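> Any chance you can model this:
(chains A and B, ligands or ions: 2)
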Amino acid sequence: MTNNQYFDLLMWARTTGFDIALTIMVGGILLRVIEIVVLGRKKDFAKAKGSPVTQGIKTIFSRSVPRKGTMKEAPVTYIGGYIFHIGFFVAFLFLGAHIALIKDLIGLSWPDFNKAVIETAVALAIVAAAALAYTRFTDPVRRRLTGWSDWFVLIVSVLPLITGYIAVNKVFGVDGTLWMAIHILSAELLMVSFPFTKLMHAVTFAMARYYNGSIQGRKGAES
Amino acid sequence: MAQKPMLPELLKAHGVSRRGFLKYCASLTSLMALPPMLAPKVAHALENAPRPSVIWLSFQECTGCTEAITRSSAPTIEDLIFNAISLDYHHTLQAASGHAAEAAREAAMKDHWGEYLLIVDGSIPVDNPEYSCIAGISNLDMLKETAEGAAAIVAVGTCAAFGGIPHAFPNPTGAQAVGDIITDKPIINVPGCPPIPIVMTSVLAHFLTFGLPELDDLGRPKAFFGETIHDRCYRRPFYDKGLFAEAFDDEGAREGWCLYKLGCKGPTTRSVCATVKWNDGTSFPIQSGHPCLGCTEPDFWDNGGFYKPLSAPAGNYRQLGLAAAAGGVALGVAGGALSKATKSRAAKAHETVDAHDLEKKS
Ligand code: SF4
Ligand code: SF4
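Ligands and ions are numbered 1, 2, ... in the order given. Modelled structure (predicted):
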């Protein structure tokens, strides 16, 4: 059959591949969140002083600012962490092709960024991820704390950035269609691993912070 | 077969100066990605070409490819070049029909066995060959029979090259491309719906002067299908700046911004539309405000919808997403309930111990 195999791969990534990835991601996230919520908490019979709810909500945001001294203790984690997250989301949310995808999914859209801005963000994010991996590897304590799934998560979240950059710029003269397919597949790998790895922190961080904050906001004994 | 006039006489008869002809040869040379110094050789070869016999077979097609090449704008040098070949059979263009026409084809085949050039437009129904017959001969039989004595085959248009529209899902006739059926002859694929006329004539000119051109993995001449539309698109700066038309009548469309979000397939489509353009270099689809459909690529008809951006998913994710949401919620509730039950069972099974018990045991 006369066929463009690269295009077939791209079409698989845009149809079956995406369907599978989205199903697993949506189903998986809901499964995990609901499981946590259903587990619930023991009924508290002692009336609390203070305001656990307000403090809980406040903590969701306040923990985005690192505590004092972090800059001195772990500057790479501090700065690299910020740069990676911001770079990743700038590329994910403001590239025209991604906005077109989001619009197709949920009907919302917003203005696009210039390619130069996106590519700078991507380059910085990749460098930051490399630096984070390096300190994780060289620091003996953190290295012991890092399991294979953490390394996997690190790689899986950088891959879409690298493959996307290659696809858009046809680095080394690669075939644009093939690399567009590889890029989409790498994003789908991220989607599939999302609910079952620490990537889930992007959702559960809010719950965990609220929980911590509400404990601290509560004054008085718990029954 | 009556002796047809050679190209120089034809040019003179149509009022084309020698200068005009040489200019045309120079542009052909650059189009074919040959070094400019070969232009005189192209001119010489075309003027003295032995006028090979050409048999043109049309199968499941819309005649658009023939229309494009013969009616580009009359009389172009292209169709004069076309006269440099001896078109012995083309059932749309010839006066004879039915058995008389078939007799002409058979005569041409016999006279030039092993030397004639076979041009095919249209795909071939293979599931049931009777879907398309000419003078009672199925397309499949006619192709096989005529291909046998051909020196080379040019599959003109996406239908002949890749199956095209007849091959689109669900492909009711079992349409196949020439290359799916004939495997023992050199085949040049010139896809496009239709192909740009000058691309068709340049391929013929290349074949006449230098033989087979260099082909890519899909059998397309690299000179015309080496770069994507997106590589050469004049709207590319808007793409890079993140300026897109979101609808056909919005401000972006009026400003001439990039058509990616309206489904442009330029990034995955290899063709020279953006540089050679159509209708004697007047314009091309993107220039007139319509996204590229990707017509030079296999299965372009089924590649996720003409107006769907290339980055947007093209499957059933909506239904699946809903099912996944419902499934996720159900499993989550079940999982949560299970853990809760385990927890309360553990709490029930928890034996309380006091100091006396501990002493007893130790
Ligand atoms: S209009 Fe199409 S080919 Fe041109 S820059 Fe935009 S996406 Fe690329
Ligand atoms: S612009 Fe695209 S769809 Fe239009 S003729 Fe060229 S390749 Fe085909």
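> I'd like to know which helix or strand in chain A has the lowest mean pLDDT.
Every helix and strand of chain A was ranked by mean pLDDT, DSSP states H and E. The lowest is strand A:49-50, at a mean of 74.
> Tell me which helix or strand comes right after that one.
helix A:52-62 (DSSP states H and E).
> how about that next one as PDB, C-alpha atoms only?
Output of helix A:52-62 as PDB, limited to C-alpha atoms (Å, rounded to 0.1, in the frame of the first residue of the first chain):
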ATOM      1  CA  PRO A  52      -9.700  25.700  59.900                       C
ATOM      2  CA  VAL A  53     -11.500  26.200  56.600                       C
ATOM      3  CA  THR A  54     -10.100  29.700  55.900                       C
ATOM      4  CA  GLN A  55      -6.600  28.600  57.000                       C
ATOM      5  CA  GLY A  56      -6.900  25.600  54.800                       C
ATOM      6  CA  ILE A  57      -7.700  27.600  51.800                       C
ATOM      7  CA  LYS A  58      -5.100  30.200  52.600                       C
ATOM      8  CA  THR A  59      -2.500  27.500  52.800                       C
ATOM      9  CA  ILE A  60      -3.200  26.200  49.300                       C
ATOM     10  CA  PHE A  61      -1.800  29.400  48.000                       C
ATOM     11  CA  SER A  62       0.700  30.400  50.700                       C
END
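> Who are the packing partners of that helix?
When contacts are defined as 3 or more C-beta pairs under 8 Å, 6 or more residues apart in numbering or on different chains; DSSP states H and E, helix A:52-62 sits against helix A:201-217. Every residue, glycine included, has its C-beta placed from N, CA and C.
> Would you mark the buried spots in the helix it packs on?
For helix A:201-217, burial by neighbour count (16 or more other C-beta atoms under 10 Å in any protein chain shown) applies to A:Ala206, A:Arg209, A:Tyr210, A:Tyr211, A:Gly213, A:Ser214, A:Gly217.
> now for it, which elements pack on it?
By 3+ C-beta pairs under 8 Å, 6+ apart, helix A:201-217 packs against helix A:18-39, helix A:52-62.
> Just give me the lowest mean pLDDT stretch among those helices.
Mean pLDDT per stretch puts helix A:52-62 lowest among the helices and strands packed on helix A:201-217, at a mean of 86.
> Pull out the buried positions in it.
Residues A:Pro52, A:Gln55, A:Gly56, A:Ile57, A:Lys58, A:Thr59, A:Ile60 are the ones in helix A:52-62 that count as buried (16+ other C-beta under 10 Å).
> now that helix against helix A:201-217, angle please.
When axes from the mean of the first three to the mean of the last three C-alpha atoms, to 10 degrees is applied, the directions of helix A:52-62 and helix A:201-217 differ by 130 degrees.
> which residues sit against the helix or strand following helix A:52-62?
Next helix or strand after helix A:52-62 toward the C-terminus (DSSP H and E): helix A:70-73. Residues external to helix A:70-73 that are found in contact with it (C-beta atoms under 8 Å, 6 or more residues apart in numbering or on different chains): A:Thr77, A:Tyr78.
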